[in-house]
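**Student:** Fold the following for me, if possible:
(chains A and B)
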There are 2 protein chains.
Amino acid sequence: MNLHDLIRDLREPNTTKIVLVVADGLGGLPLEMGGKTELETARTPNLDGCAREGVCGLSVPVLPGITPGSGPGHLGLFGYDPLEYKIGRGILEALGINFQVGPRDVAVRCNFCTVDDKGVIADRRAGRPTTERCVAMCQKLAAIKVPGVELFVEPVREHRFVVVFRGDNLGDKVNDTDPQQVGAEPLLAVGEDEASQHTAKAVNQFVAEAGRLLKHDAPTNMITLRGFARYPKIDTMQEVYGLKAACIAVYPMYKGLARLVGMDVVEAGATLSDQVETLKKFWDAYDFFFMHYKYTDSTGEDGNFDGKVEMIERLDAEIPKVRALNPDVLIITGDHSTPSKLKSHSWHPVPTLLAARTCRPDAVVEFGESYCLRGGLGQFEAKHLMSLAMAHAGRLGKYGA
Amino acid sequence: MNLHDLIRDLREPNTTKIVLVVADGLGGLPLEMGGKTELETARTPNLDGCAREGVCGLSVPVLPGITPGSGPGHLGLFGYDPLEYKIGRGILEALGINFQVGPRDVAVRCNFCTVDDKGVIADRRAGRPTTERCVAMCQKLAAIKVPGVELFVEPVREHRFVVVFRGDNLGDKVNDTDPQQVGAEPLLAVGEDEASQHTAKAVNQFVAEAGRLLKHDAPTNMITLRGFARYPKIDTMQEVYGLKAACIAVYPMYKGLARLVGMDVVEAGATLSDQVETLKKFWDAYDFFFMHYKYTDSTGEDGNFDGKVEMIERLDAEIPKVRALNPDVLIITGDHSTPSKLKSHSWHPVPTLLAARTCRPDAVVEFGESYCLRGGLGQFEAKHLMSLAMAHAGRLGKYGA
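**Tutor:** Predicted coordinates:
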């Protein structure tokens, strides 16, 4: 039986509130043998208090050994099996620049590149142009018209931009036109099925016209496209869980992911304190709140152990204000680990705590990886976290008699 | 690969004995932060001894966060995936009154209700009649004849009774006739497929005749039907595991569940001591014994913490007699948790111990939720318990060469 069908069958109305705080890339590693992780190093009296009263564990974002990107990492936390619900690269790139993709869209990641006078690629990134030039070139491309589709050309940064093809019956089974090497020409787009042939035809027209328009703009005199992706068909959290859900995030990508699962994206402000104020402001209007905190990940990606420790301590300082709202279920976790030692996302299970009146407390007295390993939630696949949240919030009835 | 197919391939004959003691609703919660659960509070020297010698863990009855009813809870322990094998409400109700449903049966939960002279429901439960009246009314209905089906009308209690339609080609995809509200007439039964149309026709004839017979018996002057369910098609434990299995239970529902998976239901007596005597008596005749102990659940449902503690201690006192029989595998677990704090079944994992000469002992020295969290079985889905039992009983060969 499908997990969402099961939850749909069992869910019961309630007035309880669930708060899911995602500290991006929360899990870490000690720098040296016998050392502590970032979370274990940080002074976190408030998180420790939650851990003592609640139940802890380690979340496996996808499967053991699998390192997730932000998309699958968050989908798992929202209860959507990340191996079943896939979000294409083009869509993620569009979400990342806050472009509101819709059900008739195919989104594509694009590069400006440099071609010689025979059309052969000399530089796949066009010498990394400035973002200003990227914006100017995108404005130029925005003038292109292709019959039967609406086109959006949106800069990202340097050589990177997004194109969205909007229209009826557009498939996304289209090959990348980037040959992934210099000395080759960009590939023609070919569609695998009828709808994708539709898309490919529009793509080839767009690229040909782009070539003409950019002819004298070397080094940004050609484009390549990859990661064709349709807007995924996903049931909303309202449909699956019966939850009215709000997203309180600062960065576009996370707002976009929340929108994908039907959350309302409310204006969050710029800082974590602003986010907590937003939480207060909308407390009565929603059942479920997703608060996203970016800086535990970005410091980890930078390899900045001390910086990550500090960002965790800043998160800790806001926890009392969240608890003061008296959520029925408060979850603090990450979408994946980002150990500063590795300067990247990793597969390591993610420390997770769930505080609720109905949880079975465990022996965890500090919120950290080592303690979580002994926690009552054990090691669990992230996709089950929402079932646990719903159960502890008194929103799931009994399965069978 | 299907778990049962795997076991069928690997199973090997042996003369070993497996005893599965199910203390219904065994898992619990502390009443207060920092406190102990019912099982942790109980003095259980004999269970603790088993835990020291054996291996412990926590069983997840269905999936994280999912609270099971008795049906799915037990099917999981018997090794039948509770999400794959479903037992309809009507069948469970029939099992609960010890009605021996069979493969040609559709069982239905019924209510006596009160209708006004226009046939509109005024009371969905007929003012909760006495059980004596329920019995009398059922006797009246038992006189009804419907061509092509054999009918059984069996009282449950108060307004509730069971009707079983027995015949060839009877489907159970039939809507509830209970409109779930007063001020509406009972609904006609409609079948979704041909076999269920068969059933629906018989149902409508039965209900029309019931209306005539009960016309002057207000407030019990009409009936509604819901939870139509066929007898599920389930391979027996003999077929799957090659085990000759006996059920030693006091309550009808658990006998019925055991019969569903092909166990012989032997006369158990009324008390746990009687059940242990029964175990001794049938020791040579069976390979597998399911002993069901109800009172850990019923005290939990009553919110009676001390009562549940006492019932656990009574179970503990019987353990030496069970061990004296020298079972090759002795398992003590529950079908789900019933924390007296919640007065209901819950989703919390269930303390489980397995004692056998072949188990790898762990550090557990007391049988309780906190210790089990550190046990060698870890947290595991209940459906895997029978594979573990079979393995420890030397009844499973190697998979692959």
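**Student:** do you know how far the closest residue to chain B within the stretch 201-350 of chain A is from B:Pro339?
**Tutor:** Nearest residue of the stretch 201-350 of chain A to chain B (CB to the nearest CB) works out as A:Val329 at 11.0 Å. Any C-beta I mention is one placed from the backbone N, CA and C, and that applies to glycine too. Noted for A:Val329: a distance of 17 Å to B:Pro339, by CB to CB, to the nearest Å.
**Student:** Mind listing what's buried along stretch A:390-398?
**Tutor:** Judged by neighbour count using 16 or more other CB atoms under 10 Å in any protein chain shown, the buried positions of stretch A:390-398 are A:Met390, A:Ala391, A:His392, A:Ala393, A:Gly394, A:Arg395, A:Leu396, A:Lys398.
**Student:** Quick one: neighbours of the residue of chain A found nearest chain B, just the number.
**Tutor:** Among the residues of chain A, A:Ser387 lies closest to chain B, at 3.2 Å counting by CB to the nearest CB. By other CB atoms under 10 Å in any protein chain shown, 23 other residues sit near A:Ser387.
**Student:** do the same with A:Arg230
**Tutor:** A:Arg230 has 22 neighbours, counted by other CB under 10 Å.
**Student:** Over to the one 4 residues further on?
**Tutor:** For A:Ile234, the number of neighbouring residues by other CB under 10 Å comes to 16.
**Student:** same thing with the one 5 residues further on?
**Tutor:** Applying other CB under 10 Å, we find 13 other residues in the vicinity of A:Glu239.
**Student:** pretty sure it is touching A:Gly262, no?
**Tutor:** Yes - with contact defined as CB atoms under 8 Å, A:Glu239 counts as touching A:Gly262 (7.1 Å).
**Student:** what sits up against the helix or strand containing A:Lys201?
**Tutor:** Secondary structure from DSSP states H and E places A:Lys201 in helix A:194-213. Applying CB atoms under 8 Å, 6 or more residues apart in numbering or on different chains, the contact partners of helix A:194-213 are A:106, A:108, A:119, A:140-141, A:143-144, A:146, A:148-149, A:151, A:163, A:165, A:167, A:169-174, A:177, A:186, A:188-191, A:221-223, A:225, A:228.
**Student:** at 6 Å what do you get?
**Tutor:** A:106, A:140-141, A:144, A:146, A:149, A:165, A:169-171, A:173-174, A:188-191, A:222-223 (CB atoms under 6 Å, 6 or more residues apart in numbering or on different chains).
**Student:** and what of stretch A:2-9?
**Tutor:** Taking CB under 6 Å, 6+ apart as the rule, stretch A:2-9 contacts A:Val240.
**Student:** Strand partners (parallel or antiparallel) of the longest strand seen in chain A?
**Tutor:** If you go by DSSP state E, chain A has its longest strand at strand A:105-115. When pairing is defined by DSSP bridges, strand A:105-115 lines up against strand A:121-123 (antiparallel), strand A:160-166 (antiparallel), strand A:222-230 (antiparallel).
**Student:** domain ranges for chain A?
**Tutor:** Using automatic domain parsing, the domain parsing of chain A gives A:3-86+A:234-392, A:91-230.
**Student:** Including mean pLDDT and distance to B:Thr37, could the ones you listed go into a markdown table?
**Tutor:** Shown next, in a markdown table, are the domains of chain A (pLDDT from 0 to 100; distance: least, CB to CB, whole Å):
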| stretch | mean pLDDT | distance to B:Thr37 |
| --- | --- | --- |
| domain A:3-86+A:234-392 | 97 | 8 |
| domain A:91-230 | 95 | 45 |
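**Student:** highest average neighbour count across those domains?
**Tutor:** Greatest average neighbour count among these goes to domain A:3-86+A:234-392 (a mean of 21), per mean count of other CB atoms under 10 Å in any protein chain shown.
**Student:** How far does that domain stretch from one end to the other?
**Tutor:** End-to-end distance for domain A:3-86+A:234-392: 17 Å, by CA to CA, to the nearest Å.
**Student:** Can you name every helix or strand that the one helix or strand A:Ala317 maps to contacts?
**Tutor:** Applying DSSP H and E as the criterion places A:Ala317 in helix A:305-324. Contact here means 3 or more CB pairs under 6 Å, 6 or more residues apart in numbering or on different chains; DSSP states H and E; on that basis helix A:305-324 packs against helix A:38-41, helix A:45-53, helix A:272-281, helix A:295-301.
**Student:** who's in contact with the helix or strand following that helix?
**Tutor:** Moving toward the C-terminus from helix A:305-324, the next helix or strand (DSSP H and E) is strand A:329-333. For strand A:329-333, contacts defined as CB under 6 Å, 6+ apart pick out A:18-21, A:59, A:350, A:352-356, A:389, A:392-393.
**Student:** can you list the residues of chain A near chain B?
**Tutor:** Neighbours of chain B within chain A, by CB under 6 Å from any CB of the partner chain: A:Met1, A:Arg360, A:Gly378, A:Phe380, A:His384, A:Ser387, A:Leu388, A:Ala391, A:Lys398, A:Tyr399, A:Gly400, A:Ala401.
**Student:** Show me those residues that map onto helices.
**Tutor:** Per DSSP state H, helices hold the following members of these: A:Ser387, A:Leu388, A:Ala391.
**Student:** who's the closest residue to A:Cys134 other than its chain neighbours bridged to?
**Tutor:** Leaving aside its sequence neighbours, A:Cys134 sits nearest to A:Pro155 (CB to CB, 6 or more residues apart in numbering or on different chains; 4.6 Å). Per DSSP bridges, the residues bridged to A:Pro155 are A:Phe161.
**Student:** could you list every residue that touches A:Pro155?
**Tutor:** Applying CB under 6 Å, 6+ apart, the residues near A:Pro155 are A:Cys134, A:Val135, A:Cys138, A:Phe161.
**Student:** rerun at 8 Å
**Tutor:** For A:Pro155, the contacting residues are A:Ile97, A:Thr131, A:Cys134, A:Val135, A:Met137, A:Cys138, A:Phe161, by CB under 8 Å, 6+ apart.
**Student:** Same list (the residues you listed) but as CSV, adding secondary structure.
**Tutor:** What follows is these, written out as CSV (DSSP: H, G, I helix; E, B strand; the rest coil):
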residue, secondary structure
A:Ile97, coil
A:Thr131, helix
A:Cys134, helix
A:Val135, helix
A:Met137, helix
A:Cys138, helix
A:Phe161, strand
